[in-house]
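> Sequence plus the predicted model coming up.
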Amino acid sequence: MALQDVEHCDSFELHEDRIERVRKYMPDEDEICDLAELFKVFGDSTRMRILFALFGSEICVCDLADTLGMTQSAISHQLRILKQSKLVGSRRDGKTVFYFLADDHVRTIIGQGREHIEEQ
């Protein structure tokens, strides 16, 4: 999209009241970077498939790999990223490690994303 294709003001005029409201609402740069990193995690279709699989039940790497038609190594790599981002948790039961959604926020974020893309 070229610059001339984007609507813009015909004259330059600052609206100080609006600028001040935006500045009060704007998070600091560290928080913005953290949010951007979090949303990057959601930007991978394999990680999204794993998260959707975890909607139904906690599940081990073996079962995830079989369900998604992937290697255990590939699943483990993605789970490590999801766990570092605090989107999934795990628990050990004997020799098996089960993974689960970390909290309802993950379900809410994905649910709202689905609602957004399904809007007509």
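All right, it came through fine.
> If you count contacts, what does the longest helix along the chain end up packed against?
Longest helix in the chain, counting residues (DSSP state H): helix 104-118. Under the contact criterion of 3 or more C-beta pairs under 8 Å, 6 or more residues apart in numbering; DSSP states H and E, helix 104-118 touches helix 45-56. C-beta here means a position set from N, CA and C on the backbone, and glycine is covered the same way.
> can you rerun that using 10 Å?
Under the contact criterion of 3 or more C-beta pairs under 10 Å, 6 or more residues apart in numbering; DSSP states H and E, helix 104-118 touches helix 29-41, helix 45-56, strand 96-101.
> quick one: the second one to chain centroid distance?
How far helix 45-56 lies from its chain's middle: 11 Å, per C-alpha atoms, centre = their mean, to the nearest Å.
> center of the protein, which residue is that?
Phe42 (3.2 Å; C-alpha atoms, centre = their mean).
> now that residue, nearest residue through space, not along the chain?
Met48 (6.7 Å; C-beta to C-beta, 6 or more residues apart in numbering).
> does that neighbour really touch Ile117, like I thought?
No. Assessed by C-beta atoms under 10 Å, Met48 is found out of contact with Ile117, at 11.9 Å.
> buried ones in stretch 33-46?
Neighbour-count burial for stretch 33-46, counted by 16 or more other C-beta atoms under 10 Å, picks out Val41, Phe42.
> List the contacts of that stretch.
Stretch 33-46 is contacted by residues 27-28, 47-48, 50-51, 68, 70, 74-75, 77-78, 81-82, 84-87, 106, 109-110, 113 when judged by C-beta atoms under 10 Å, 6 or more residues apart in numbering.
> Report the buried members of these.
47, 50-51, 68, 70, 75, 78, 81-82, 85, 87, 106, 110.
> related to what we said a few turns ago, touching the longest helix of the chain from outside, list them.
Defining contact as C-beta under 10 Å, 6+ apart, one finds that helix 104-118 is touched by 38-39, 42, 48, 51-52, 54-55, 82, 85-88, 100-101.
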